[in-house]
Structure formats: structure tokens, C-alpha cells
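Student: Coordinates for the following, if possible.
(2 chains)
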Amino acid sequence: MDMTIDISTTAPAVAIIEMHGLAKKFGASQALAPVTLTIDEGEFCALIGPSGCGKSTLLKLIARLHEPSAGEISWWGDDFSHVGRTGKQLAFVFQDPTLMPWANAGANVRLPLDLAGVPREESAPRVRAALEQVELAGREAAYPRQLSGGMRMRVSIARALVTEPNLLLMDEPFGALDEFTRNRLDEDLSELAWERKLTAMFVTHSIYEAVFMATRVIVMAANPGRVFAEYVIDEPLPRGAGFRDSVRFAAHCRELSALLNEASIASRSVS
Amino acid sequence: MKIFLLRLAPPILTGVFIIAVWQIICTAAHIPSYLFPAPSAIAASLVAGWPSLFLALYSTLKVTLLAFALAVFFGTLTAFLFVQSRALEVSLLPYAIMLQVTPIAAVAPLIIILIKNLFWALTLCAAVIAVFPIISNTTIGLRSVDPGLLAYFRMNKASRLQILLRLRIPGALPFFMAGLRISSGLSLIGAVVAEFVAGTGGNSAGLAYQILQASFQLDIPRMFAALALITVTGVAMAGCMALLSKSVLKWNETGDAR
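Tutor: A predicted model of the protein is given here:
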């Protein structure tokens, strides 16, 4: 067999996020014990763990929605003030769509560009393209009330994509949706991320979602919240719906499930 | 046309029916018009007294609309100040409530004595009772920001002004519109009550004065005519506010697509 070496996969990885002893306390309780972790370019990282393990807190520390209590974090080797410049664009997708009910889908997607002062003639085609990517072409004029839950979540993702992010952070993005809709969105997002060479990090409660989407799963444990283990899923990208039926998928799910069980046992508070 | 049939036709038919029954009873029972006038007598009085009734209506309407405008302006301004500073709200809100709970009929004589210009005295009375719903609703609206959206705006490094214009103000609109609807009705009530108080002193020109004059002369049909004009004004204002609210909050309508 011809053993050509693909340069793109062997090139030295570029670190996008570097955390050193990053910790967060809410009052007296330790939400997150010191975490040292690096996220490389092109990774699709899942955060999974029992409730109270600080997975959401970790994601929000990266998005600077929380200030760390201790430790250091850098974005593209720099501090947060450089985030938002070309090549260092960060986007965050909340668990809820968090759309403006008074604005139509187009205006909601345009919001980050408006806030950044992008002129309309430049933002209009970008908004249209982002809505097309989430399969909502032509629904620009629809108000959030007129859209289904899945469609609203798609608008929220389009709002993240329109900024052409280099790093996409998602906090249980499809947690509130039914399994069927969620699977479809997972497939679309997996393909989008691959097309755009997106680096992404997402919090999930679902082992299946983590295995389907992620290239690396970070398993966390609670009491105190900490990184418990890491699990690499070295499967080809993008992953189509067929991957779910594969033996490899089932094997990964089994192993991740075992890891998660250990993490749950380790999370029991010592009294 | 369909909306007209469904929403407007039933109340109009009900009104026509009631007026018809009223007319029939008054005519059949020969009730004298100084006891209880028939609709035809009221209509005749309205036509006969139209020049002076129209002037009275114009006078009341001027007070009502100006008071409403003042209430909207100062109420919104106060709400913005309250939202900017907690200290200001804590120190001023009790007085705003005092203004609201004191019956206007009790304060009006004082205002009319203190302010020489009758028109401005009446306007002030009406504005005083119309302002409170605007203050309280707009304050609640400006405060009720979706915390998720606020976090999103902050994450995108939005300025204070951007947050105000793009998040707080549009978010406050449904509350503000509700305040507007209450306040428009209150400004008419305030104007009429103030006119009654002023009218007992013999110097007023509004519809309330027409009612007082007619009652002194036992001209009951004329009383009813003036009363009808007040009612029509109130209904028209409420209708205008409903239309305004509907066009401003069109995103709030339940859509058909799902």
C-alpha cells in the first residue's frame, strides 16, 4: 500500500488556547480545581462529566464570561484584548438560542457584525451565506416566534458562524432539542466544522453526541470540578450519519461510558 | 374585511340593539326626557348644541392630549433616570407613588388655585395621574433584560450605548406600550375630573363644564350628549393606542409558520 504522508496531519499543532492552573471559585466553593489544558487548531473537543464537574464553567472561562480565580489562560498566545481581531475570532453558542424576539432571523444573525460596526452592504451577503449554511435560506424575515426550536437553534449557530470564527464554543447547544433534530444538527455541524477547518469546543451530556462530533473528549469529575481523563477519537472527518451505525462508534461509546462511570464514582463527595 | 366582521361587527350590533330597545321603551312608556331621555332626544340635543359642544370637546381634547404627551415625556425620562441610578430611584419612587395614590379630585382645587392659567392647571392635573403607569412600566421594561442576551452583548464587547439602544429599549417596548394604553385613558379621566373641579368654580370650557351647566338647567339630553362625546373620545384613544401597539410590536404576534 502506498504510504504517503499527509503533511497537514503531521504539521506541528498550533495551540489556540493554553490554560495553566486555571481555577474558579464561586464564593467558598471550588467550582473548578486548577486545570492545565491545551486546545490545538482544528480540534473538536467535547467536555463531558457529571453535574457540578465545572464543564460549563471551564467553557465560560475560555469565553471570558467568567473571570478566573487563579491560574493563567492565553488565546492564540496572547491575552483576551486581542480576541476579536482577524484570525482570532471567538464565537459562543448558548444552551438557549438567546435571540432577540423583536428582530427577525436576518437581524439576529447580523447582530455581532452590527456591534462590530460592519457596514450593511458588507454584512448583508455574509448574513445570507450564514443562514444558507444552516439551511435557513430565505427565512431572513421570520421572527423567532415563527420558527421551531430546532430552527431557532440554527439561527443561533448562524449568528456564531457569520463572524467567521476561528474558535467556536458551545454550551450544550442542542440539549433542549429532541433526539432526531439533535442528530441532524450534529451531522450538519460536523460537516461545517470540517469544511471550515473550525476549532470547536462543546459541553454535552450525551456520550453519543461526544463520540459522534469530537476528536478529543475531556472527561471531567466533580467535588471539586476537575479534568478526570482524556479520550481521543481518531476517526475520519467529516462523520456522516452512517458513523453512528458502525462497530467503531459502538466501541468508542462503550469505552467512554466506562470512563464516565469512573468519573461519577470519583465525584462522590467525601463526607 | 374578515377582521371587521369578526372583531367589530358583534359590538356594533350589540350597541345598535341596546339603543333600539332603549328608544322603544322610552317612546312606548312615554318617559319624559327630563327623567331619562330617549336616544333620539340625545341625538337632537347633540345636533342642536353642536357648536358649543364641539368647542367643549376641542378644549377637553387639547388638555387630554397635551397632558398625555407630557406624561409620556416626563415618565419616560424619569424611568431612564431610575434605571441609571438606584439611589435616585430609591429616593424618588415613594414620591411618585404618593402622587399616584392621592385622589386627583382632592388635589385639583389646590393646583387650580396655585396656577393662574386654567388651561395649564387642568393639563397639570391630568398629567399628574397619567404619568405613573409610564414611569413604572418603562422602569420594569428597561430592567427586564434577558440575562443571556446581555451576556452575549458583553461578550461581543458592546458599548453601554449599544446595549441601551439595541437591547434595553427594544426589550422595554412591550412594557412601555402597555403603560401607554393605561396612561392614555388616565389622561382623559384626569382632564375631565379637573374640569369638574374647575367648573364648580364657574370657569371652564370643557365637556365636564357642559355637563355641569346642563345639570344646573335640568337639560338632561344635553348631559347625555356631552357624556357620549367623552366616551367616544376615550374609545377612540384606546383604539389608537391598540393600533400603535400592534404596529410597533408586530414581532410579538403569534406567527402562522411552524
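Student: Strands along the stretch 1-150 of chain B, start to end?
Tutor: Along the stretch 1-150 of chain B, counting by DSSP state E, counting those that start in this stretch, no stretch forms strands.
Student: what's the answer for chain A, then?
Tutor: A:15-26, A:29-40, A:44-48, A:70-75, A:90-93, A:167-171, A:199-203, A:216-221, A:226-232 (DSSP state E).
Student: Of all the ones you listed, which one is nearest chain B?
Tutor: Chain B sits nearest to strand A:90-93 of all those, at 5.9 Å, using CB to the nearest CB. (Each C-beta comes from the backbone N, C-alpha and C, glycine too.)
Student: helices or strands next to the closest one in the packing?
Tutor: The helices and strands touching strand A:90-93, judged by 3 or more CB pairs under 8 Å, 6 or more residues apart in numbering or on different chains; DSSP states H and E, are helix A:149-161, strand A:167-171.
Student: Let me know which of the ones you listed is the nearest to chain B.
Tutor: helix A:149-161 (8.7 Å).
Student: mind checking how far the closest one is from the chain centre?
Tutor: If you compare the mean C-alpha spot of helix A:149-161 with that of the full chain, they lie 14 Å apart, counting by CA atoms, centre = their mean, to the nearest Å.
Student: Next, the angle strand A:167-171 makes with that helix.
Tutor: Orientation note: helix A:149-161 sits at an angle of 150 degrees relative to strand A:167-171 (axes from the mean of the first three to the mean of the last three CA atoms, to 10 degrees).
Student: In helix A:149-161, which residues are buried?
Tutor: Applying a neighbour-count criterion of 16 or more other CB atoms under 10 Å in any protein chain shown, the buried positions in helix A:149-161 are A:150-161.
Student: before we move on, what about stretch A:195-203?
Tutor: Residues of stretch A:195-203 classed as buried under the neighbour-count rule (16+ other CB under 10 Å) are A:198-203.
Student: now stretch A:123-132
Tutor: Using 16+ other CB under 10 Å as the burial criterion, the residues of stretch A:123-132 that qualify are A:123, A:126-128, A:130-131.
Student: In the buried residues of stretch A:195-203, which has the lowest confidence score?
Tutor: Comparing pLDDT over the buried residues of stretch A:195-203, the lowest score belongs to A:Leu198 (87).
Student: just checking, it touches A:Pro165?
Tutor: Yes: with contact defined as CB atoms under 8 Å, A:Leu198 reaches A:Pro165; the gap is 7.1 Å.
Student: Name all residues that make contact with B:Val145.
Tutor: B:Val145 makes contact with B:167-168, B:171, according to CB atoms under 8 Å, 6 or more residues apart in numbering or on different chains.
Student: Helices along the stretch 101-250 of chain A, start to end?
Tutor: For the stretch 101-250 of chain A, the helices defined by DSSP state H, counting those that start in this stretch occupy A:105-115, A:120-133, A:149-161, A:179-196, A:207-213, A:247-267.
Student: which stretch in these is the model least sure about?
Tutor: Taking each of the helices of the stretch 101-250 of chain A in turn, the lowest mean pLDDT turns up on helix A:179-196, with a mean of 85.
Student: Using PDB, write out every CA atom in that one.
Tutor: Written as PDB, here are the backbone C-alpha positions of helix A:179-196 (Å, rounded to 0.1, in the frame of the first residue of the first chain):
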ATOM      1  CA  GLU A 179     -33.000  13.400  19.600                       C
ATOM      2  CA  PHE A 180     -33.900  13.400  16.000                       C
ATOM      3  CA  THR A 181     -33.400  17.100  15.500                       C
ATOM      4  CA  ARG A 182     -30.300  17.000  17.600                       C
ATOM      5  CA  ASN A 183     -28.700  14.200  15.400                       C
ATOM      6  CA  ARG A 184     -29.400  16.100  12.300                       C
ATOM      7  CA  LEU A 185     -27.900  19.300  13.600                       C
ATOM      8  CA  ASP A 186     -24.900  17.300  14.900                       C
ATOM      9  CA  GLU A 187     -24.300  15.900  11.400                       C
ATOM     10  CA  ASP A 188     -24.600  19.400   9.800                       C
ATOM     11  CA  LEU A 189     -22.300  21.000  12.300                       C
ATOM     12  CA  SER A 190     -19.700  18.200  12.000                       C
ATOM     13  CA  GLU A 191     -19.600  18.800   8.200                       C
ATOM     14  CA  LEU A 192     -19.500  22.500   8.600                       C
ATOM     15  CA  ALA A 193     -16.600  22.400  11.100                       C
ATOM     16  CA  TRP A 194     -14.700  20.200   8.700                       C
ATOM     17  CA  GLU A 195     -15.300  22.400   5.700                       C
ATOM     18  CA  ARG A 196     -14.300  25.500   7.600                       C
END
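Student: Now B:Leu81: closest residue in space that isn't a chain neighbour?
Tutor: Across the structure, with CB to CB, 6 or more residues apart in numbering or on different chains as the measure, the residue nearest B:Leu81 apart from its sequence neighbours is B:Leu88 (5.5 Å).
Student: go on, A:Ser123?
Tutor: Of all residues beyond its chain neighbours, the one nearest A:Ser123 is A:Leu113 (4.1 Å), with distances taken as CB to CB, 6+ apart.
Student: Surely the one you found and A:Glu164 touch.
Tutor: No: with contact defined as CB under 8 Å, A:Leu113 and A:Glu164 do not form a contacting pair (10.2 Å).
Student: tally of neighbours for B:Ala130?
Tutor: Neighbour count of B:Ala130, defined by other CB atoms under 10 Å in any protein chain shown: 31.
Student: can you check the one 5 residues further on too?
Tutor: Applying the criterion other CB under 10 Å, we find 27 residues in the vicinity of B:Ile135.
Student: ditto for the one 5 residues further on
Tutor: Taking other CB under 10 Å as the criterion, the count of residues near B:Ile140 is 16.
Student: thought it was touching B:Phe175?
Tutor: Yes: because the distance of 5.5 Å satisfies CB under 8 Å, B:Ile140 is recorded as touching B:Phe175.
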